[in-house]
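Asker: Got a sequence here, can you model it:
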Amino acid sequence: MSTVETRIALPTGIWTADAAHSRVEFAVEYMVGTFRGSFSPFQATLDVDETGEAKLSGSTWPNAVKVQDENLEAHLQSPDFFDAERAPEISFESADITRDGDILKIVGELTIKGTAKPVTLAGTISDPITDPYGQERIGVKLVGEVDRTEFGLTWNAPLPTGKPALADDVTISAELYLVKG
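Answerer: Numbers count the residues shown, from 1 in each chain. Predicted coordinates for the structure are as follows:
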């Protein structure tokens, strides 16, 4: 029988996302398929104190949104979506992290356009390794879902059928290569 750990069994210290290998992405149903994008650059840190208590925090900027079209990037940065000019930061701060083996559950607060809402992320964590360059690393993969309209991202357009072109539910995911610093 497996028990749930309320403390992350990792060496103490601050683990920072390796930007070259890490990703933060989103996916949302749009008309007939799934639209995907990412944020680059972004920052993420896992801080594990001497008692084993852990806190995950991260941030990015609306003007860091990346999609395959510059005009669409500009629309996503506009007041219709992220409103980069008035709300220049997107942030996440964990409130609780639980671990059961390699399974993680992180409850925290996501802030977009100045609106903070609770979000639960689930995923996996690797055991620490030492890379060929002598740096200690762990890998964290997380996924969660938010309702974009709760953050004021309310743009939509009706299809001829009357259905909205853009779904409200957005899947957010992160694959973090964390380096002990």
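
Asker: Sketch out the low-pLDDT regions of this structure for me.
Answerer: Low-confidence segments of the chain, defined by pLDDT under 70: 1-11.

Asker: In the protein, what residue spans correspond to helices?
Answerer: Here the chain has its helices, by DSSP state H, at 70-77.

Asker: so where do the strands sit in it?
Answerer: Assigned by DSSP state E, the strands in the chain fall at 13-17, 23-30, 33-39, 42-48, 54-60, 65-66, 90-100, 103-112, 115-125, 129-130, 136-147, 166-180.

Asker: If you compare the directions of the third one and strand 54-60, what angle comes out?
Answerer: Direction vectors for strand 33-39 and strand 54-60, defined by axes from the mean of the first three to the mean of the last three Cα atoms, to 10 degrees, enclose an angle of 100 degrees.

Asker: Which of the residues in strand 33-39 are classified as buried?
Answerer: Phe35, Gly37, Ser38, Phe39 (16 or more other Cβ atoms under 10 Å). Glycine gets a C-beta too; all of them are placed from N, C-alpha and C.

Asker: Quick one: these as CSV, columns for distance to Phe26 too.
Answerer: Formatted as CSV, the buried residues of strand 33-39 follow (distance: Cβ to Cβ, whole Å):
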residue, distance to Phe26
Phe35, 9
Gly37, 6
Ser38, 7
Phe39, 8
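
Asker: Looking at those, spot the one nearest Glu70.
Answerer: Of all the buried residues of strand 33-39, Gly37 has the smallest distance to Glu70: 12.7 Å, by Cβ to Cβ.

Asker: Count the residues that sit near the residue lying closest to Arg23 once chain neighbours are set aside.
Answerer: Leaving aside its sequence neighbours, Arg23 sits nearest to Glu175 (Cβ to Cβ, 6 or more residues apart in numbering; 4.9 Å). Glu175 has 16 neighbouring residues, counting by other Cβ atoms under 10 Å.

Asker: How much space separates Glu175 from Ser126?
Answerer: Note on Glu175: its distance to Ser126, by Cβ to Cβ, to the nearest Å, is 11 Å.

Asker: if I look at Ala87, how far off is Thr161?
Answerer: According to Cβ to Cβ, Ala87 stands 33 Å off from Thr161.
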